[in-house]
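[1] Sequence and predicted structure are below.
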Amino acid sequence: MHRAVKLLTSVLVISLCLSGCMGTSTNDTLALQAGDYVAMLPFESSDTRVKHVGLISDQDIRIEIESGLMDLSKQYFDPSSVGYRTHTFLDFDELDATDGSRGLLGTLRDDNPNGLNPSRDEAFDTGNGEVTGATILVDIYELDWYNTNDNLRGISLALVVNDEVEDDAGNTYEITKEKLQNYIEVTAGKLVNYMRERFNDISARIPIYIAAYSLDSSQESLGGYFYEGMFEGSSGSYNSLDEEWILVPSTQLTTDDPTTAEQFNTFKEDIQNVLPDYTYVTGKAKYENGNLVKLQLDITSHGKTAGEILAVCQTANSSLSVFTSTDCEYQITITNDDTVYAMINRDIDSTETNVNTRF
């Protein structure tokens, strides 16, 4: 079964809701879905966006880092009680370490005592060998939680790290999870202390949540969150996480989850049997503790007519049934010449699809 909804109508409804709900106060926006955070108004963009793009070029990774941090934060900061702002405290200048700047992403040295990367003469133990002057920390993302009275109630930070480093001779060393966790514990504690000393609004009573996201150098995965810490008062506690986004298709998907890989191949063949020329199917799969929890697929075509696009939409909707797991959320986006013409969703614990089209 499926439920079809006109995409333009949906957009119109959302637009009317936004125009009717948004104002100049800080507590009159509405979440798009139950359990989501709302943006605090007036919303202020951060200059760190430029920094994030310069450090990580892949937009999918940047989106997953921030949206994943929001999801993880829900266990500590209730979306019904707080809304979010971004990078209220750690702006571009706080992070930037290019050209000898004294930023948190720089190396620890006499003129940069708050640098969170090892000093240039420090040997970092990767677990597979020592590397001097290694760059471990790539970026930091910040979400700030405020109540309806615009009082700060907490902060969430994502520490984005490399999964491997290179020595001066060009040799590559993979960093073991144990060594990464050790680095995160030291770095997280140092960062929390820095923020509490640096900013008057961040007293010891403000809880700070930190999650560590590991990039994947294999190019077959977007990486994922692997460690978290919660700091309240003078104490901090840590837990391991096991999240990963695997590219679809990929050798890693075939190795780690052959069932889903096979089902994807069947789905792809169904689509290409309709329009074999200039039609591509790719995506990514999210795993938590080794279990598939979300599958996002993109069907991309070029120069197709309305009838051809509709045929692809219908085929994708019926062929989604080849994916048999109901423990996973499925999302399909159908694009023609950079314009989205349809979105198909299937929720967890359901075999029914929801279809939104521009037709």
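    Okay, I see it. Predicted, not measured: the structure shown is a model, and the values here were computed from it.

[2] In the stretch 151-300 of the chain, what residue spans correspond to helices?
    For the stretch 151-300 of the chain, the helices defined by DSSP state H, counting those that start in this stretch occupy 177-198, 251-256, 258-274.

[3] The nearest residue to residue 324 once chain neighbours are set aside - how many residues pack around it?
    Closest residue in space to residue 324, ignoring its immediate chain neighbours: residue 263 at 7.2 Å, by CB to CB, 6 or more residues apart in numbering. For every residue, glycine as well, the C-beta is placed using N, CA and C. Using other CB atoms under 10 Å, the number of residues around residue 263 comes to 19.

[4] For residue 263, which residues are in contact?
    322-324 (CB atoms under 8 Å, 6 or more residues apart in numbering).

[5] Throw the helices of the stretch 151-300 of the chain into JSON lines and include distance to residue 336 and mean pLDDT, thanks.
    Formatted as JSON lines, those follow (distance: least, CB to CB, whole Å; pLDDT from 0 to 100):
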{"stretch": "helix 177-198", "distance to residue 336": "42", "mean pLDDT": "96"}
{"stretch": "helix 251-256", "distance to residue 336": "26", "mean pLDDT": "97"}
{"stretch": "helix 258-274", "distance to residue 336": "13", "mean pLDDT": "97"}
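
[6] Just send the ones you listed back as TSV, with distance to residue 313 too.
    Listed next are the helices of the stretch 151-300 of the chain as TSV, based on distance: least, CB to CB, whole Å:
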stretch	distance to residue 313
helix 177-198	42
helix 251-256	25
helix 258-274	10
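
[7] I'd like to know which of those is closest to residue 39.
    helix 177-198 (22.0 Å; CB to CB).

[8] same for that closest one, what does it pack against?
    Helix 177-198 is packed against strand 152-161, strand 208-214, strand 221-232, strand 235-240, with contacts defined by 3 or more CB pairs under 8 Å, 6 or more residues apart in numbering; DSSP states H and E.

[9] so which of the ones you listed gets nearest residue 80?
    Per CB to CB, nearest to residue 80 of the helices and strands packed on helix 177-198: strand 152-161, 12.4 Å.

[10] name the helices or strands packed onto the closest one?
    By 3+ CB pairs under 8 Å, 6+ apart, strand 152-161 packs against helix 59-73, strand 137-146, helix 177-198, strand 208-214.

[11] So what's the model's average confidence on that strand?
    The predicted model assigns strand 152-161 a mean pLDDT of 98.

[12] Using PDB, write out the CA atom coordinates for that strand.
    Extracted C-alpha coordinates of strand 152-161, given in PDB (Å, rounded to 0.1, in the frame of the first residue of the first chain):
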ATOM      1  CA  LEU A 152      21.200  28.800  28.100                       C
ATOM      2  CA  ARG A 153      20.500  25.300  29.300                       C
ATOM      3  CA  GLY A 154      23.200  23.200  27.700                       C
ATOM      4  CA  ILE A 155      25.800  22.800  24.900                       C
ATOM      5  CA  SER A 156      26.500  19.900  22.500                       C
ATOM      6  CA  LEU A 157      29.800  19.600  20.700                       C
ATOM      7  CA  ALA A 158      31.000  17.300  18.000                       C
ATOM      8  CA  LEU A 159      34.700  16.600  17.700                       C
ATOM      9  CA  VAL A 160      35.500  15.400  14.200                       C
ATOM     10  CA  VAL A 161      38.700  13.300  14.000                       C
END
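
[13] now that strand against strand 221-232, angle please.
    140 degrees (axes from the mean of the first three to the mean of the last three CA atoms, to 10 degrees).

[14] now the angle from strand 152-161 to strand 137-146?
    Using the same axes, to 10 degrees: strand 152-161 against strand 137-146 is 170 degrees.

[15] Endpoint to endpoint, stretch 284-302 covers what distance?
    21 Å (CA to CA, to the nearest Å).

[16] can you tell me the average pLDDT over that stretch?
    97.

[17] go on, stretch 333-342?
    pLDDT averaged over stretch 333-342 gives 96.

[18] residues in contact with that stretch?
    Taking CB under 8 Å, 6+ apart as the rule, stretch 333-342 contacts 7, 296-304, 309, 312-313, 316, 332, 343-344, 355-359.

[19] If you rank every helix and strand of this structure by mean pLDDT, what lands last?
    When the helices and strands of the chain are scored by mean pLDDT, DSSP states H and E, helix 7-21 comes last with a mean of 42.

[20] Name the next helix or strand following it along the chain.
    helix 48-55 (DSSP states H and E).

[21] now that next one and strand 137-146, what's the angle there?
    Using the same axes, to 10 degrees: helix 48-55 against strand 137-146 is 160 degrees.

[22] No further questions, thank you.
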